[in-house]
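**Q** Got a sequence here, can you model it:
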Amino acid sequence: MSVVLTVKVFGFPIGTGDFFFSFFSTVAVRLEKEQWGSRFPVIMKELYRGSVPAEHLRQAEKELSQIRSELKRFPRSEVVWDYEDRSKQPPWGDNVSETIRDLSDYFVTSDGKNLLAVMRRAIGAGRALKAPVVVESL
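**A** Predicted coordinates for the structure are as follows:
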């Protein structure tokens, strides 16, 4: 199953559900001390549950910027694939491109783009169109 962020008629491809869950898992474990949504409630609760209303997108943008900044401090080996089962590993294991230096650039979408940049573009589109950002599974 593939995940896409949508804003009205615009789609921003993400990748598999497991991949997207890994992003949230990593943020919860590495940046929120395993307290899901304690520091980044819009991203970690609203977006994770499927939708961020237009009126919360400015806060989502701020949270995403902070997440990016803080993930830079962690080496790529600190990725968390599954919050609920820490024994799970990414399907590619440790075979990660040398261009990926830290967790801020670890997450790359199915079409080769940085996940955080794609999320930022979707949030920006939502703000410009005064429309929610919705997570859809295809």
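**Q** tell me the contacts of the nearest residue to residue 74 once chain neighbours are set aside?
**A** Spatial nearest neighbour of residue 74, excluding adjacent residues (CB to CB, 6 or more residues apart in numbering): residue 103 at 4.3 Å. From N, CA and C alone the C-beta is placed, and that goes for glycine too. Counting by CB atoms under 8 Å, 6 or more residues apart in numbering, residue 103 touches 26, 30, 71-72, 74-76, 78-79.
**Q** Roughly how far does residue 103 sit from residue 35?
**A** 18 Å (CB to CB, to the nearest Å).
**Q** what do you get for residue 51?
**A** Using CB to CB, residue 51 is found at 22 Å from residue 35.
**Q** out of the two, which sits in the busier spot?
**A** For residue 51 versus residue 35, the count of surrounding residues by other CB atoms under 10 Å is larger for residue 51: 14 against 11.
**Q** and that one, bridged to which residues?
**A** Note on residue 51: beta-bridge partners by DSSP bridges are residue 134.
**Q** isn't it right next to residue 134, touching?
**A** Yes: taking contacts as CB atoms under 8 Å, residue 51 lies within contact range of residue 134: 4.9 Å.
**Q** Spatially central, which residue of the chain would that be?
**A** Centroid-nearest residue in the chain, with CA atoms, centre = their mean: residue 23, separated by 4.7 Å.
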